[in-house]
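Undergrad: Okay, predicted coordinates and the sequence, questions at the end:
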Amino acid sequence: MKKRTVGLALGVILTVVSLFGCGNAAQRADDVEHTPSARADDSQTAADTAHSGAPATSGGAPAASDNASAASGSASAAGERRDAVQLDPSADGSAADMAATSAAAPAEESVYYDAADFFVDAKWAEVPTEQIEPGGWNAEEYSAVAENGFLSVANSPLSTFSADVDTASYSNIRRMIESGYALEDIPAGAVRIEEMLNYFSYDYRLPKKGEPFGVTTVIGDCPWNEDAKLLQIGLKTKEIDFSEAPDSNLVFLLDVSGSMYTDDKLPLLQKSFSLLVQELGQKDTVSIVTYAGYDDVVLRGESGNHKEAIVDALNALEAGGSTNGSAGIETAYQLAEQYFIKGGNNRVILATDGDLNVGASSESALKELITEKKESGVYLTVLGFGTGNIKDNKMETLADCGNGNYAYIDSLGEAKKVLVEQMGATLVTVARDVKLQVEFNPAYVKGYRLLGYENRALAAEDFDDDKKDAGEIGAGHMVTALYEIVPVDSEQEIPMADLKYQDNKTDTGVTNGEWLNLKIRYKEPDGGESVLKEYPVTQEDYAEKPSEDFYFAAAVAEFGLILRDSAHKGDASMENVRELLRKVDTEADDYKDEFVYLVRRLQKTML
């Protein structure tokens, strides 16, 4: 009788808990009503729940805490919000069913789906839950950014910079906002406007035959400065099917030091690289090098067809020890050179939190090391992971100086974007040492300011110097640059130095309708001599009502000015950003839709 009574009591308790759980779940649903994921249909929501790894109670409410739900926010936004990981697109059943099957397997076992030849770890559905509370312990490092100011065309008619396709700044800022950071908590050094702009896709012109990229230019009114115009420059390369790309020789250089033990580091790294492995084939070669207190070769020259063997090697990794990254870099490049494919895609993919503390570990030492290694013809991709102690400054230095690109992975959704959806852009270089130089015509423009690209600035004479290193662009990449330009008839004053030996006030330019001339230099992937292209920008490029691409890019840039608390933010405001976004149809683009949500979320912390 006692057992029966206890059983009935437990039943009542479970029922009450279930009911209250459903109520809490409903309340949470109301709280996220305006997030991109809330617009997904019920069946996809179920799939996302399965992907998030949040166990459900008998009443269907998530058993994870609110903090865990918030921590997995970036794993339920953008593309991942609707389709985080397609476990087996060819098999019967929903992704939710398959994720549930995977989650139900013992933690030490794995599930192999023969139909799609796709190896899936038993814990595939999990997402990181480790987050750093704003104001808590934080050892993250960012390089200081000396923001570009306005320059006089009379004194400085040329603006020269290297192309940049990094996107780490945006996904890192997203992580901060979704973790509850207020505006004042976001480090100014973490805000790189060019990386925020380049995170998104735009409807730019495709390249003409024989050219690696198409070029789009448009001038519109500057939303935060009524005395200036805004110039948008866009480059777009042609996308490729990775199966038709050159043979790949990839070396995974993986940080397995003690700082990588948390869920948002090594476990997420393992799942992210497993996604990439599924895209490889027989023509591809994979090696794996790990480093902690010492470096170790885990896999050497494995065929991309041997997916299970590669993923097994990834899943066997454990974190522990100090961080001798320089030793790992040396070994990784040795392997890349050993399996070097002439005319192929030879690349080291470094995954780390950047916390290097043994061997060459300073920014200057790493710069010297990686600058030497890039001469081997091996490219570099840097993937940042984790929170609390990420060294963004070191990872950016490695990518900038190693013929590489840099992305920050905060979720499986971001891993899918970088390593699957944009695989060609991330891994296949179509133009290297890409430089841009803008010459402004003083007949129409008296001043200008480049937004972002502070750490990509070049001297004017570097543009024609083929020995001067610059950025690489991959297949399917887009590069966006924005200038605030001040017309000659503007009331805005531009500081100008008076010269003793020449009169810069007498050079009034050429009245030919050209506001400026854009010059681009680039080299073929295996070429040694650069190619020059020129694109005049005229009065006809001005649009009173420009495209949605223009409005969206302007909104992203204005958001960056607010985050950075820029001295040049003018009339920038969160409401103004939202007003620009109302002119853009973001529904068809999950990543742009997510940006709308992030703006709203951060604005709420400012009320």
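TA: Yep, that arrived. Just so it is clear, the model here is predicted, and its values are computed rather than measured. Numbering: from 1, shown residues only.

Undergrad: Might you report the residue contacts of Gly320?
TA: Contact partners of Gly320, counting by C-beta atoms under 8 Å, 6 or more residues apart in numbering, are Val256, Ser257, Gly258, Tyr261, Ala292. Just so you know, the C-beta spots here come from the backbone N, C-alpha and C atoms, and that holds for glycine as well.

Undergrad: which residue packs closest to the last one, ignoring adjacent ones?
TA: In other words, Ala292. Gly321 (3.4 Å; C-beta to C-beta, 6 or more residues apart in numbering).

Undergrad: Could you give the separation of the host helix or strand of Val251 from the chain centroid?
TA: Following DSSP states H and E, one finds Val251 within strand 248-255. Remark: strand 248-255 is offset 19 Å from the chain centroid, using C-alpha atoms, centre = their mean, to the nearest Å.

Undergrad: avg pLDDT for it?
TA: For strand 248-255, mean pLDDT is 96.

Undergrad: Can you give me the buried ones in that strand?
TA: By neighbour count, with 16 or more other C-beta atoms under 10 Å as the criterion, the buried positions of strand 248-255 are Ser248, Asn249, Leu250, Val251, Phe252, Leu253, Leu254, Asp255.

Undergrad: Tell me which two in those residues are the farthest apart.
TA: By the measure C-beta to C-beta, Ser248 and Asp255 form the most distant pair in those, at 21.7 Å.

Undergrad: Of the contacts of Gly320, grab the buried ones for ChimeraX.
TA: Only the buried entries of the contacts of Gly320 go into this ChimeraX selection, using 16+ other C-beta under 10 Å:
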select :256,257,292
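
Undergrad: Go through the contacts of Gly320 and name the one nearest Thr586.
TA: Distance to Thr586, by C-beta to C-beta, is smallest for Tyr261 among those, at 37.3 Å.

Undergrad: Next, the contact list for the residue nearest to the spatial centre of the chain, please.
TA: With distances taken as C-alpha atoms, centre = their mean, the residue of the chain nearest its centroid is Thr167 (2.9 Å). Residues in contact with Thr167 (C-beta under 8 Å, 6+ apart) are Glu195, Asn198, Tyr199, Tyr406, Ala407, Tyr408, Val418.

Undergrad: between those, which is closest to Leu299?
TA: Distances from Leu299 to the contacts of Thr167, taken by C-beta to C-beta, are shortest for Val418, at 21.4 Å.

Undergrad: Need phi/psi at the residue nearest to Ala292.
TA: phi 100, psi -180 (degrees, to the nearest 10).

Undergrad: Export the buried residues of strand 248-255 as a markdown table, with columns for distance to Leu516.
TA: Listed next are the buried residues of strand 248-255 as a markdown table, based on distance: C-beta to C-beta, whole Å:
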| residue | distance to Leu516 |
| --- | --- |
| Ser248 | 39 |
| Asn249 | 41 |
| Leu250 | 41 |
| Val251 | 42 |
| Phe252 | 43 |
| Leu253 | 42 |
| Leu254 | 45 |
| Asp255 | 44 |
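
Undergrad: about what we covered before: as TSV, the contacts of Gly320 with secondary structure would be great.
TA: Shown next, in TSV, are those (DSSP: H, G, I helix; E, B strand; the rest coil):
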residue	secondary structure
Val256	coil
Ser257	coil
Gly258	helix
Tyr261	coil
Ala292	coil
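
Undergrad: Count the neighbours of the residue nearest to Thr605 when sequence neighbours are not counted for me.
TA: Nearest non-adjacent residue to Thr605, counting by C-beta to C-beta, 6+ apart: Ala182, 4.6 Å away. Ala182 has 14 neighbouring residues, counting by other C-beta atoms under 10 Å.

Undergrad: Tell me the buried residues in the particular helix or strand that has Val297 in it?
TA: Taking DSSP H and E as the definition, Val297 sits inside strand 295-303. The neighbour-count check on strand 295-303 (16+ other C-beta under 10 Å) flags Asp295, Val298, Leu299, Glu302 as buried.

Undergrad: repeat for stretch 420-430
TA: Across stretch 420-430, burial judged by 16+ other C-beta under 10 Å covers Val420, Gln422, Met423, Gly424, Ala425, Thr426, Leu427, Val428, Thr429, Val430.

Undergrad: mind putting the residues you listed in CSV, secondary structure, distance to Leu561 and pLDDT included?
TA: Converted to CSV, those look like this (DSSP: H, G, I helix; E, B strand; the rest coil; distance: C-beta to C-beta, whole Å; pLDDT from 0 to 100):
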residue, secondary structure, distance to Leu561, pLDDT
Val420, helix, 32, 94
Gln422, coil, 26, 91
Met423, helix, 32, 90
Gly424, helix, 32, 88
Ala425, helix, 27, 87
Thr426, helix, 28, 88
Leu427, helix, 33, 88
Val428, coil, 33, 89
Thr429, strand, 31, 91
Val430, strand, 32, 92
